[in-house]
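1. Any chance you can model this:
(one chain, ligands or ions: 1)
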Amino acid sequence: MKNIKIKVPATVANLVCGFDILGMAIHQPYDEMELKILEEPEVIIRHTDDFNLPEEASKNVAGVVLQKMIEELNLKNGFEVIIHKNIKPGSGLGSSAASAAGAAFGANRLLGNNLSKNELVHFAMFGEELASGVRHADNIAPIIYGGISLVKSSHPIDIIPLNSPDLFTVAVHPQVEVKTSDARQILKKNILLKDAVEQWGNIAGLIAGIEKNDFSLIGRSLNDIIVEPVRSILIPQFDTIKTKSLKLGALGGGISGSGPSIFMLTEKEETAYKIAQMMESVYHQIDIESFVYVSKINPTGIEIIEEN
Ligand code: ADP
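-> Numbers count the residues shown, from 1 in each chain. Just a heads-up that it's a prediction; the model follows:
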């Protein structure tokens, strides 16, 4: 096999109370990537989008992942990658993770599919390190495993793929900039034990709800008393959107990754579209452009479009 074309989905990291340990794949938006195997151990990156991302391999997350694979696996071949990006960088919807995970997945297929999912996560995390300075797996894991993933630990890699409840997600990306580094810097370094206990209850409840398909329990558990109160101040209209979404029937939701995107979970597609409309109109009223995506939870993660 010499060529592969794949569809790589956006992801929602944290899932409200699971800061740095939970992530979920969605269907919309998604990137497409084409990978071709080369005779020499070099990496060529090309973008067909208008996001102005670096094409120099060592500065592109897909490039560093492939360079790391060539180095650690002692490969004699290299790769050419064409990225058609739709997931806007800095959206909080896992743009860098998509390119990093897509590169690891595609290269592995071209090399004979010998690596495990955890090995793909290992290589893809080097891309996250380039993008944010931290080798985290909460966006990468659900792209590779599909559905919802619990990152029990990223060093050593211990990923628990969870059930994919039959729920809809609606995500809004207001066109404002929230730097991941700012969103991390403003977090408190210490938390009170009583707050930690409440948060443990929410995380445990959320995971039990996901596993049991108990939508009411999922809704009751989607509460974050530690990160959201601090981070949400960086996102215009966060409280309004959350309150109105719950009134319209959302089970719950919050900041996607480090923002500025906000996501909600709903049982019915109709509810998701009503919330989508409301989100757009809230931002329209304050002259902020926004993009809204409605889709089911994506149980598959990366999909192969064609390979030959
Ligand atoms: P998101 O918040 O959507 O997950 P990130 O903040 O994680 O996005 O990643 C965006 C950062 O990664 C930007 O600084 C961008 O320049 C850098 N980057 C490098 N290569 C890529 C790539 N192929 N795709 C997306 N971002 C990339």
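2. Could you use CA atoms for every contact and neighbour count after this?
-> Noted.
3. what residue ranges in the stretch 51-200 of the chain score low on pLDDT?
-> Within the stretch 51-200 of the chain, no stretch has pLDDT under 70.
4. Tell me which stretches of it form strands.
-> 78-84, 148-154, 157-162, 168-174 (DSSP state E, counting those that start in this stretch).
5. so which of those comes closest to Glu42?
-> Glu42 lies closest to strand 78-84 among the strands of the stretch 51-200 of the chain, at 4.6 Å (Cα to Cα).
6. Point out the most buried one among the strands of the stretch 51-200 of the chain.
-> Highest mean neighbour count among the strands of the stretch 51-200 of the chain (mean count of other Cα atoms under 10 Å): strand 168-174, with a mean of 25.
7. For the longest helix seen in the chain, buried residues please.
-> Longest helix of the chain, by residue count under DSSP state H: helix 193-212. Across helix 193-212, burial judged by 16 or more other Cα atoms under 10 Å covers Gln199, Asn202, Ile203, Gly205, Leu206, Ile207, Ala208, Gly209, Ile210.
8. now stretch 217-234
-> 217-219, 221-224, 226-228, 231-232, 234.
9. picking that back up, out of the strands of the stretch 51-200 of the chain, the one nearest the ligand is which?
-> strand 78-84 (7.4 Å; Cα to the nearest ligand atom).
10. ok, and does the closest one reach over to the ligand?
-> No - contact between strand 78-84 and the ligand is absent, the nearest approach being 7.4 Å (criterion: Cα under 6 Å from any ligand atom).
11. Would you mind listing the outside residues contacting that strand?
-> Contact with strand 78-84 is made by 31-49, 66, 70, 99, 103, 107, as judged by Cα atoms under 8 Å, 6 or more residues apart in numbering.
12. Show me what from the protein comes close to the ligand.
-> Near the ligand, when you scan the chain using Cα under 6 Å from any ligand atom, you find 53, 60-62, 89-96, 99, 131, 180.
13. Mark which of the contacts of strand 78-84 are buried, thanks.
-> Neighbour counting by 16+ other Cα under 10 Å classes 31-38, 41-47, 66, 70, 99, 103, 107 among the contacts of strand 78-84 as buried.
14. Restricted to strands, list those residues.
-> Residues of those located in strands (DSSP state E): 31-38, 43-47.
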